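Visitor: Kindly return the folded structure for what I paste below:
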Amino acid sequence: MSIAQRIQQHFEDSAQVKLAALAAMAAPIEAAARRMVHSLAAGGKVMACGNGGSAADSQHFAAELLNRFEKERPPLAAIALTTDTSTLTSIANDYRYEDVFAKQVRALGKPGDVLLAISTSGNSPNVIEAIRAAQAHGITVVALTGRQGGAIAALLGPHDIHLCVPAERTARIQEVHLLAIHCLCDGIDALIMGETA
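Guide: Down below sits the predicted model:
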């Protein structure tokens, strides 16, 4: 297979996974956007966490809320728990890496906030601990996963929301994660600006 054929295959595979994800994810993405807007309108905030590419997605999402997405609007309270290297490394060094997000959730989160927990596999130990910390503090969890949700799927309660990409390949899951994040940002803006019911 030539490089050109490989590129074409990537595009075709990505398009197919995105179309399959639409049916599975549209309703929970809407529910997540509404939950986030409810939290923000009540003075809450959205926290986000993940590892590797999911850490980058967490930062991307927080930046779109705190600054702006596609339209001008007031800044929204969002924080990526992946960005403070002093906090991350001190927790990992003094305790364990599994606690790097959970300790921040316990310190910064309050009832009514939302945690966007991103894990491609659904099995990231530090994301799982963050979910447990959020649930213990009355914080809604929006889990963004793939591969049937892994261990995270079993942790989610009736008030949590699961956005699970129906795919196995990491690259395809991450591509849909970015699309889901943009859908969340657009939905949040539309609800805040009164552009939709």
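
Visitor: so what pLDDT did Ala197 get?
Guide: Reported pLDDT at Ala197 in the predicted model: 59.

Visitor: roughly how far is stretch 181-196 from the heart of the chain?
Guide: Put simply, stretch 181-196 sits 15 Å off its chain's centre (Cα atoms, centre = their mean, to the nearest Å).

Visitor: Can you list the buried residues in the top helix by length along the chain?
Guide: Using DSSP state H to define each element, the chain has its longest helix at helix 3-41. Neighbour-count burial for helix 3-41, with 16 or more other Cβ atoms under 10 Å as criterion, is recorded at 14, 17-18, 21, 25, 28-30, 32-33, 35-37, 39-40. Every C-beta, even on glycine, is put in place using the N, C-alpha and C of the backbone.

Visitor: and the spatially most central residue of the chain, how far is that from His159?
Guide: Against the mean C-alpha coordinate of the chain, by Cα atoms, centre = their mean, the closest residue is Leu116 at 3.8 Å. Going from Leu116 to His159 by Cβ to Cβ, to the nearest Å gives 15 Å.

Visitor: cool, and Ile118?
Guide: Distance from Ile118 to His159, by Cβ to Cβ: 19 Å.

Visitor: confidence score at the residue lying closest to Thr196 once chain neighbours are set aside?
Guide: Leaving aside its sequence neighbours, Thr196 sits nearest to Ala190 (Cβ to Cβ, 6 or more residues apart in numbering; 4.4 Å). Ala190 carries a pLDDT value of 96.

Visitor: Now do the contacts for Asp160.
Guide: Applying Cβ atoms under 8 Å, 6 or more residues apart in numbering to Asp160 gives the contacts 135, 140-143.

Visitor: how about whatever helix or strand the residue nearest to Thr196 lives in: buried residues?
Guide: Taking DSSP states H and E as the criterion, Ala190 maps to helix 170-192. For helix 170-192, the buried set under the neighbour-count rule, 16+ other Cβ under 10 Å, comprises 172-177, 179-181, 183-189, 191-192.

Visitor: counting contacts, what elements does it pack onto?
Guide: Applying 3 or more Cβ pairs under 8 Å, 6 or more residues apart in numbering; DSSP states H and E, one finds that helix 170-192 contacts helix 3-41, helix 53-66, strand 140-146, strand 161-165.

Visitor: try 10 Å
Guide: With contacts taken as 3 or more Cβ pairs under 10 Å, 6 or more residues apart in numbering; DSSP states H and E, helix 170-192 sits against helix 3-41, strand 46-49, helix 53-66, strand 114-119, strand 140-146, strand 161-165.

Visitor: now the ones you listed as JSON lines including mean pLDDT and distance to Ser90?
Guide: What follows is those, written out as JSON lines (pLDDT from 0 to 100; distance: least, Cβ to Cβ, whole Å):
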{"stretch": "helix 3-41", "mean pLDDT": "96", "distance to Ser90": "28"}
{"stretch": "strand 46-49", "mean pLDDT": "98", "distance to Ser90": "16"}
{"stretch": "helix 53-66", "mean pLDDT": "98", "distance to Ser90": "17"}
{"stretch": "strand 114-119", "mean pLDDT": "98", "distance to Ser90": "21"}
{"stretch": "strand 140-146", "mean pLDDT": "98", "distance to Ser90": "25"}
{"stretch": "strand 161-165", "mean pLDDT": "98", "distance to Ser90": "31"}
